[in-house]
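>>> Give me the fold of what follows.
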Amino acid sequence: MDDLLPKLLSFPSHPPPPNGISDQQYDEGITSQISAIRNIADHKLLQQTSGGENVLDIINPALNTVPYAFVLIAHISAVQNGNKGVDLDALWGKMTGFLGNFDPRQIRYLGPELSRILDTTMTLARRHHQTSMAIPIVSNALLRLDPTGTMLTSRHLALVKFALESRSYFEIIPLLDKLPLYIPRANPQPKPKHICDMSLSPTAFITSGKDGFSSKMKTQDLLEYFLLGGMVFIGIRDWKKAREYLEMAVTYPAKDNAASMIMITAYQKWVLVGLLLEGKPLQLPRVTSGGASKLYHIIAKPYDIVAQIFEAGSASRLKSEVEHAKGHWKKYGDEGLMKCVLAAYQKFQIRNLAKVYSKISIPEIHNLTMSAETGSKLSNIGECEALVRSMIAEGSLHATLAIKAANQPSVLVFAGDGPVLTEKQMQAALAEKTIRIKKLTQEIKNTDHMLTHEKEYIKFAQKQKKQSKTAQDQGIVTDMDWNGVDDEDLMGMY
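Residues are numbered from 1 along each chain as shown. Below you'll find the model as predicted:
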């Protein structure tokens with residue numbers, strides 16, 4: 001191994017040149033190093049130094065990501081081939097350490113290698129019941145590869161499935177908080193000159209296929225990710241985020257105005273989440289396919305009925321309808337969500353009292369509202385006051401509870417539509433929105449730039465140019481709207 005170490009550590013040079021190196025020099029150096037290491041047999045990479053040290057204990061993954069990754073994979077292959085000379089616990093520590101320390105620039109050249117290390121980490125975690133520990137490690141690695149979080153890969157889908165299986169919801173939230181905009185392609189266009197350019201969009205260096213980081217993402221994969229992401233947020237009762245994810249599946253551009261079963265399942269959960277968020281049925285976004293919308297209302301009719309009763313019906317009728325279709329909720333895994341809907345019914349009744357009253361006593365609230373969980377009033381005034389207090393504590397009711405003299409009932413005083421922000425809080429909120437708008441503007445520019453290199457768009461532009469010239473010669477004004485790409489091609493930009 002001693003004679004191999006100089007080759008393994010040949011790039012980048014340490015210490016780095018005082019004036020740095022250009023992207024071209026960096027690209028040439030790292031591709032040459034990768035080519036050389038790929039020609040070294042695994043058994044040689046497993047050798048110890050003359051001092052009896054494991055190479056993984058010598059190489060710093062933060063400085064020499066490339067050789068560390070290849071030596072690590074040699075150890076992984078040895079374990080998978082039944083080599084009992086590799087310490088599995090030590091290997092686990094090396095893999096997790098690598099994922100938290102690799103160099104974000106070098107790792108761009110190691111898509112297949114990083115993919116294999118991530119897969120092995122999740123496999124070992126499942127086998128040894130360490131899922132809650134592995135999920136934040138893998139999630140962090142994905143965000144270190146792409147800090148923007150705008151690229152959706154097969155690794156993301158595998159991880160969200162992993163989180164749902166183990167009910168490790170909170171551990172994957174940092175990844176799900178980043179909404180995806182793109183999916184990887186085998187040959188991204190425009191082709192980047194040097195992927196080590198740190199100003200590049202992730203679309204330039206995260207690719208799919210044999211030599212890429214991700215498997216090819218199909219329509220079903222995207223829909224599944226949105227549905228499962230929504231289910232994770234349902235698991236932590238973040239109804240706003242759950243709505244966002246489910247809505248992306250519900251409004252997905254459908255071919256031939258159809259809707260897949262995943263889209264219908266997402267719609268069903270979207271309806272219930274809408275009740276928990278708004279207290280009334282949500283309106284489908286205008287971009288929803290007309291054919292899909294019709295299918296939703298036909299197949300998911302029991303959910304629409306529940307939503308209508310929630311808004312305008314009685315507690316007893318809502319309870320009866322939910323119990324009547326109990327088998328349906330169980331079939332689609334919505335029993336728990338439906339229990340949340342029943343529990344929310346009285347809470348929204350209490351909140352809606354603010355439209356009529358500025359203040360109201362607890363006994364009056366007890367008489368005016370009903371529990372859909374029992375179909376009747378709460379058993380006593382104390383239970384009603386406890387419910388009101390819990391709503392104030394969780395922030396779902398913007399009000400205060402005034403305690404009167406002895407033997408006098410407490411009075412609920414409503415405080416308007418929401419909490420009043422201080423000037424400092426308002427400035428922070430505005431600054432946050434400004435940053436988000438700037439990021440979104442940059443992504444729009446990136447997408448527009450990518451679109452101009454799409455084959456379909458180029459064909460369309462050429463065709464329109466030709467038609468425009470012919471029309472001008474004939475004195476005709478033409479329609480320049482572009483609608484020449486089918487729904488699957490559109491998702492290449494997503």
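
>>> Measure how buried the spatially closest residue to residue 148 that is not a sequence neighbour is and give me the count.
On the basis of CB to CB, 6 or more residues apart in numbering, the spatially nearest residue to residue 148 that is not a chain neighbour turns out to be residue 202, at 6.1 Å. In this view, the C-beta of every residue, glycine as well, is placed from N, C-alpha and C. When neighbours are defined as other CB atoms under 10 Å, residue 202 has 21 of them.

>>> wait, isn't residue 202 in contact with residue 152?
No: using CB atoms under 8 Å, residue 202 is not in contact with residue 152; the gap is 10.0 Å.

>>> Now list whatever residues contact both of these two.
Each of residue 182 lies in contact with both residue 202 and residue 152 under the rule CB atoms under 8 Å, 6 or more residues apart in numbering.

>>> which stretches of the stretch 101-250 of the chain have low pLDDT?
When residues are selected by pLDDT under 70, none of them lie in the stretch 101-250 of the chain.

>>> Repeat that for the stretch 301-450 of the chain.
405, 416-421, 439, 442-450.

>>> mind listing the strands for it?
Under the criterion DSSP state E, counting those that start in this stretch, the stretch 301-450 of the chain carries strands at the ranges 359-361, 399-402, 411-414.

>>> which one of the ones you listed lies closest to residue 227?
With distances scored as CB to CB, the stretch of the strands of the stretch 301-450 of the chain nearest to residue 227 is strand 399-402 (35.8 Å).

>>> Just the CA trace of stretch 256-271, in PDB.
C-alpha atoms of stretch 256-271 as PDB (Å, rounded to 0.1, in the frame of the first residue of the first chain):
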ATOM      1  CA  ASP A 256     -55.100  12.300 -21.900                       C
ATOM      2  CA  ASN A 257     -56.800  14.100 -19.000                       C
ATOM      3  CA  ALA A 258     -56.400  10.900 -16.800                       C
ATOM      4  CA  ALA A 259     -55.400  10.500 -13.200                       C
ATOM      5  CA  SER A 260     -53.300   7.800 -11.700                       C
ATOM      6  CA  MET A 261     -54.200   6.000  -8.500                       C
ATOM      7  CA  ILE A 262     -51.400   7.900  -6.700                       C
ATOM      8  CA  MET A 263     -53.000  11.200  -7.800                       C
ATOM      9  CA  ILE A 264     -56.400  10.000  -6.500                       C
ATOM     10  CA  THR A 265     -54.900   8.900  -3.200                       C
ATOM     11  CA  ALA A 266     -53.200  12.200  -2.900                       C
ATOM     12  CA  TYR A 267     -56.500  14.000  -3.600                       C
ATOM     13  CA  GLN A 268     -58.300  12.100  -0.900                       C
ATOM     14  CA  LYS A 269     -55.700  13.100   1.700                       C
ATOM     15  CA  TRP A 270     -55.600  16.600   0.300                       C
ATOM     16  CA  VAL A 271     -59.300  17.000   1.000                       C
END
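
>>> how about residue 186, what does it touch?
Counting by CB under 8 Å, 6+ apart, residue 186 has contacts 207, 208, 209, 212, 216.

>>> Recalculate using a threshold of 7 Å.
Contacts were defined as CB atoms under 7 Å, 6 or more residues apart in numbering; by that measure residue 186 touches 207, 208, 209, 212.

>>> what does residue 295 give?
Residue 295 touches 259, 264, counting by CB under 7 Å, 6+ apart.

>>> what helix or strand is it on?
Element membership of residue 295 [criterion: DSSP states H and E] is helix 290-299.

>>> Distance from that helix to the middle of the chain?
The chain centroid and the centroid of helix 290-299 are separated by 26 Å under CA atoms, centre = their mean, to the nearest Å.

>>> Which residue ranges of the stretch 301-450 of the chain form helices?
Assigned by DSSP state H, counting those that start in this stretch, the stretch 301-450 of the chain shows helices spanning 301-312, 315-324, 326-331, 335-352, 362-368, 381-394, 423-451.

>>> Of the ones you listed, which is nearest residue 100?
Scanning those with CB to CB as the criterion, the closest one proves to be helix 423-451, at 25.1 Å.

>>> Next up, the contacts around the residue nearest the centre of the chain.
Closest residue to the average C-alpha location of the chain: residue 176 at 3.0 Å, with CA atoms, centre = their mean. The contact partners of residue 176, by CB under 7 Å, 6+ apart, come to 229, 232.

>>> one more time with 6 Å
With contacts taken as CB atoms under 6 Å, 6 or more residues apart in numbering, residue 176 has the following neighbours: residue 229.

>>> How much space separates it from residue 322?
Separation of residue 176 from residue 322 (CB to CB, to the nearest Å): 29 Å.

>>> repeat for residue 180
If you measure residue 180 against residue 322 using CB to CB, the figure is 34 Å.

>>> same check, this time on residue 314
Distance check for residue 314 against residue 322: by CB to CB, it reads 13 Å.

>>> out of the two, which sits in the busier spot?
Neighbour totals were compared for residue 314 and residue 322, and residue 322 leads with 23 against 13 (other CB under 10 Å).
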